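J.: Kindly generate the corresponding structure for this input.
(2 chains)
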There are 2 protein chains.
Amino acid sequence: MESCRVHGGLAPLPVGGGVFLRPPIAAFRRNLRHGACAMAVGGRIAWDDVLELSSDGGRVSDLAGYFERVRCCNRGSENKDEFLPFLVEEQTVGYIHPSFVDQLKSFSDVFILKPGNDKGSRNATFITLHPLLRSSEERTMAVGDVIKAMGSRIPGIRNELYPVSSSFGQPAFFSLERAAAPYFGIKAYGVHMNGYVEKEDKRYLWIAKRSNNKPTYPGMLDHLVAGGLPHGISCKENIIKECQEEAGIPESISRRAVPVGAVSYVDIDGPRYKRDVLFCYDIRLPQEFVPKNEDGEVESFKLVPVEKVASIIRQGEFFKPNCALVIIDFLFRHGYVCPDDAGYLELLQLLRSGASS
Amino acid sequence: MESCRVHGGLAPLPVGGGVFLRPPIAAFRRNLRHGACAMAVGGRIAWDDVLELSSDGGRVSDLAGYFERVRCCNRGSENKDEFLPFLVEEQTVGYIHPSFVDQLKSFSDVFILKPGNDKGSRNATFITLHPLLRSSEERTMAVGDVIKAMGSRIPGIRNELYPVSSSFGQPAFFSLERAAAPYFGIKAYGVHMNGYVEKEDKRYLWIAKRSNNKPTYPGMLDHLVAGGLPHGISCKENIIKECQEEAGIPESISRRAVPVGAVSYVDIDGPRYKRDVLFCYDIRLPQEFVPKNEDGEVESFKLVPVEKVASIIRQGEFFKPNCALVIIDFLFRHGYVCPDDAGYLELLQLLRSGASS
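T.: Model prediction:
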């Protein structure tokens, strides 16, 4: 029985058909087959490639491609136990790799290595801040100075502070440069918005293509609007701000954005322990609205049928990886994935593999 | 900043206002205060009571009432370790309480108690089926005979078979009477549908009130359509069947039902270990549609503004407990709960506290 929207929109497609693939696409497919996550390989993706690709690409009821996207956001769980907990006021706020701990040792007026009480267990030793750093401001400044002093060892400094707290919305113990968060295993929060349009009973998603000049994931596909959540701004304020900057959506429209849940992941890559929680928003846009990037971070936008977006996601790492998660969540909430598809419940659970606070 | 739909619909309300409460409502509120889950107390709920109640009832941004509803579906986790695993073909398919194991011992041609290999660990002993019961049909018949022989020790026999498998959609090892599932700790699956109507920018949910003759949760509030998922029927077929029986929704409308995810819980109550997964559906109904129950299980229906439904859920156990979970999931997906509300991420995670396969 055809039970999902996507079944109505597209006939089931053969797996691995012999369609001609341009070289970059073929490379993506190879990476996919070899189980690699083709991250940060962008810049070579062309709209024509991905839109052409969508005529190929896996049965709609085969969730394997979606599982692959989730896997690419949740790497390295087998290395979890190598990391030392990072405690502030006796609460675990992060996890730090021993190689990074070694670098922090020379800043002994800021970071202290402490043996834990339970010597028998793993992670008996932990890192904490020097007890003389008492206020949030003192800690923010001292840690900021360390990060500055580390120079290129923490690449991509943004000069954007993220709050460090026990759980979302709780008072911050201190604030930390955004680019440094994964080195300290600090939870980071963001807002991601799917902008859709409905025309004649068909639904389309506005998809962005990142500028080739972006330091991260250049040229890859992206949401209409997404951004990290800096210190001192609410989710709703942030989504309205990002709507204006990234897609030229005026507040008269963006205030209609609907919060619809969250996805989360833990990505361990070398010394980096990335714990991200993304608050998801949907916005239904007027048919006549055309997004316009105002901050130079987007090369172009296209309005793509949701079934085609789903197919692109299933076939490879064309989207910035965490955007794929948020779009898969959209596909679940809007009936493009079906309970009768094998793996439905497992995939749904994996969308929230990370922090839940 | 007003960030959620519900904020737009209702002004924030004072907590614990001194509104006059009719006796049954007052009892519910007391139960709530005392942390009890007022289950199966229905039959005394009147529409007027709950609709009147909704003008009281907790700030919309205070998620405490929702947490309470989730807790009432997930009781007894502290007793988990008392149960013995139930294995079929070396896979754990359930959990059985020692008191029920004692009763099964007299059926030694069907159930066998086996000491596990690892004697040091808890639950080293497990229950399995007699090795002579090889086919699914033989097992179904033999277990069915045991259940019949147990008579009133398993109340509420439905003569409805549930499949027993390692995960949803996998071939069934055998099938089991629905009412017996909690005694064997078997995962059970259901479909629950929120039926909503949109009128002049306002959204309403169709709410059912269960018949006072229902053996479970008589007189309590319920979804427009919900049902267990018996052996051999797909989710989509089941929702279409239940739409017709429970609300008189013809297939021309019900085939538009959209699968939107799932919620799950584990409720341990005495010897019963209930592991339920509910596949959630939304359906947008035409304004002129009026549901009509055809199987005698519903006393009446009412169209209630979503903000009012949310308020009723926050204030007490008026809904059949698992329906509250599905409605809270609806509130998340449609923006009636906000990321900036304290506990948002925790509550979102708790909606899927149970099985994910």
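J.: Not counting sequence-adjacent ones, nearest residue to the residue nearest the centre of chain A?
T.: The centre of chain A sits closest to A:Asn322, judged by C-alpha atoms, centre = their mean, with a distance of 3.0 Å. Excluding its sequence neighbours, the residue lying closest to A:Asn322 (C-beta to C-beta, 6 or more residues apart in numbering or on different chains) is A:Cys73, at 5.7 Å. Where C-beta positions appear, they are placed from N, C-alpha and C, glycine not excepted.
J.: which residues touch that neighbour?
T.: A:Cys73 makes contacts with A:265, A:267, A:321-322, A:324-325, A:353, as judged by C-beta atoms under 8 Å, 6 or more residues apart in numbering or on different chains.
J.: List the neighbours of the longest helix along chain A that are in contact with it.
T.: Criterion DSSP state H: the longest helix present in chain A is helix A:136-150. The contact list for helix A:136-150 (C-beta under 8 Å, 6+ apart) reads A:88, A:103-104, A:107, A:109-111, A:129-130, A:133, A:154, A:157, A:161, A:171-177, A:180.
J.: redo that, cut-off 10 Å
T.: A:88, A:100, A:103-104, A:106-107, A:109-111, A:129-130, A:132-133, A:135, A:153-154, A:157, A:159, A:161, A:163-165, A:171-177, A:179-180, A:183-184, A:231 (C-beta atoms under 10 Å, 6 or more residues apart in numbering or on different chains).
J.: Next, the buried residues of that helix.
T.: For helix A:136-150, burial by neighbour count (16 or more other C-beta atoms under 10 Å in any protein chain shown) applies to A:136, A:139-140, A:142-144, A:146-147, A:150.
J.: Which two among these are spaced furthest apart?
T.: Farthest pair in the buried residues of helix A:136-150 (C-beta to C-beta) is A:Ser136 and A:Met150. Separation: 21.2 Å.
J.: how about the helix or strand where A:Trp206 lies: buried residues?
T.: Using DSSP states H and E, A:Trp206 falls within strand A:202-210. Neighbour counts over strand A:202-210 (16+ other C-beta under 10 Å) mark A:203-210 as buried.
J.: Next: stretch A:185-202.
T.: Buried residues in stretch A:185-202, counted by 16+ other C-beta under 10 Å: A:185-197.
J.: Isn't A:Gly227 up against A:Val191?
T.: Yes - look at A:Gly227 against A:Val191 with C-beta atoms under 10 Å: they come within range, at 6.0 Å.
J.: which neighbours do those two share?
T.: When contacts are counted by C-beta under 10 Å, 6+ apart, A:Gly227 and A:Val191 are jointly contacted by A:233, A:238-239, A:241-243.
J.: need those residues in JSON lines with pLDDT and secondary structure, can you?
T.: Output for the shared contacts of A:Gly227 and A:Val191, formatted as JSON lines (pLDDT from 0 to 100; DSSP: H, G, I helix; E, B strand; the rest coil):
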{"residue": "A:Ile233", "pLDDT": "92", "secondary structure": "coil"}
{"residue": "A:Asn238", "pLDDT": "96", "secondary structure": "helix"}
{"residue": "A:Ile239", "pLDDT": "97", "secondary structure": "helix"}
{"residue": "A:Lys241", "pLDDT": "96", "secondary structure": "helix"}
{"residue": "A:Glu242", "pLDDT": "95", "secondary structure": "helix"}
{"residue": "A:Cys243", "pLDDT": "96", "secondary structure": "helix"}
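J.: and chain A, what are its domains?
T.: Domain ranges of chain A: A:5-76+A:188-350, A:84-184, per automatic domain parsing.
J.: which one of these is the most hemmed in?
T.: Across the domains of chain A, the average number of neighbours (mean count of other C-beta atoms under 10 Å in any protein chain shown) peaks for domain A:5-76+A:188-350, which reaches a mean of 19.
J.: how far does it sit from the chain's center?
T.: Computed by C-alpha atoms, centre = their mean, to the nearest Å, the chain-centroid distance of domain A:5-76+A:188-350 equals 10 Å.
J.: Which of the shared contacts of A:Gly227 and A:Val191 sits closest to chain B?
T.: Of all the shared contacts of A:Gly227 and A:Val191, chain B sits closest to A:Ile239, with 8.6 Å by C-beta to the nearest C-beta.
J.: Which residue comes closest to that closest one once chain neighbours are left out?
T.: A:Ile239 sits nearest to A:Val191 (C-beta to C-beta, 6+ apart), 4.8 Å away.
J.: Next, the angle from the host helix or strand of the one you found to strand A:202-210.
T.: Element membership for A:Val191 (DSSP H and E) is strand A:187-199. Put simply, strand A:187-199 runs at 130 degrees to strand A:202-210, going by axes from the mean of the first three to the mean of the last three C-alpha atoms, to 10 degrees.
J.: Point out where chain A drops to low pLDDT.
T.: Along chain A, the model assigns pLDDT under 70 to residues A:1-43, A:54-59, A:117-123.
J.: make it 80
T.: Low-confidence segments of chain A (pLDDT under 80): A:1-44, A:53-60, A:116-124.
J.: Thought A:Gly228 was touching A:Glu160, still the case?
T.: Yes - look at A:Glu160 against A:Gly228 with C-beta under 10 Å: they come within range, at 6.7 Å.
J.: Return every residue with contacts to both of these two.
T.: Common neighbours of A:Glu160 and A:Gly228, counting by C-beta under 10 Å, 6+ apart, are A:Arg178.
J.: Quickly find the element holding the closest residue to chain B within the stretch 101-250 of chain A.
T.: Of all residues in the stretch 101-250 of chain A, A:Lys236 sits closest to chain B, at 3.4 Å by C-beta to the nearest C-beta. Assigned by DSSP H and E, A:Lys236 belongs to helix A:235-247.
J.: next structured bit after that helix?
T.: helix A:251-254.
J.: In strands, which of the contacts of helix A:136-150 appear?
T.: Secondary structure assignment by DSSP state E places A:88, A:111, A:129, A:161, A:163-164, A:174-177 of the contacts of helix A:136-150 in strands.
J.: Output these as a markdown table; include the columns distance to chain B.
T.: Shown next, in a markdown table, are the ones in strands among the contacts of helix A:136-150 (distance: C-beta to the nearest C-beta, whole Å):
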| residue | distance to chain B |
| --- | --- |
| A:Val88 | 20 |
| A:Phe111 | 28 |
| A:Leu129 | 25 |
| A:Leu161 | 19 |
| A:Pro163 | 13 |
| A:Val164 | 16 |
| A:Phe174 | 21 |
| A:Ser175 | 18 |
| A:Leu176 | 20 |
| A:Glu177 | 23 |
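J.: Can you list the residue ranges for helices in chain A?
T.: A:5-9, A:23-33, A:47-53, A:64-73, A:98-104, A:136-150, A:181-184, A:235-247, A:251-254, A:306-315, A:321-333, A:344-350.
J.: For A:Glu297, find the nearest of these.
T.: Nearest to A:Glu297, of the helices of chain A and by C-beta to C-beta, is helix A:235-247 at 6.5 Å.
J.: The residue of the stretch 101-250 of chain A closest to chain B touches B:Asp341, doesn't it?
T.: No - with contact defined as C-beta under 10 Å, A:Lys236 does not reach B:Asp341; the gap is 11.1 Å.
J.: What distance do you get for A:Phe330 to B:Glu52?
T.: As for A:Phe330, its distance to B:Glu52 is 38 Å (criterion: C-beta to C-beta, to the nearest Å).
J.: now swap in A:Tyr95 and tell me
T.: 51 Å.
J.: got it, and A:Glu346?
T.: Taking C-beta to C-beta, one finds A:Glu346 at 44 Å from B:Glu52.
J.: contacting residues for the residue nearest to A:Lys80 when sequence neighbours are not counted?
T.: Leaving out its chain neighbours, the residue that sits closest to A:Lys80 by C-beta to C-beta, 6+ apart is A:Ile268, at 6.4 Å. With contact set as C-beta under 10 Å, 6+ apart, A:Ile268 has these partners: A:74-80, A:82-83, A:95, A:97, A:182, A:185, A:274-275.
J.: All set, thanks.
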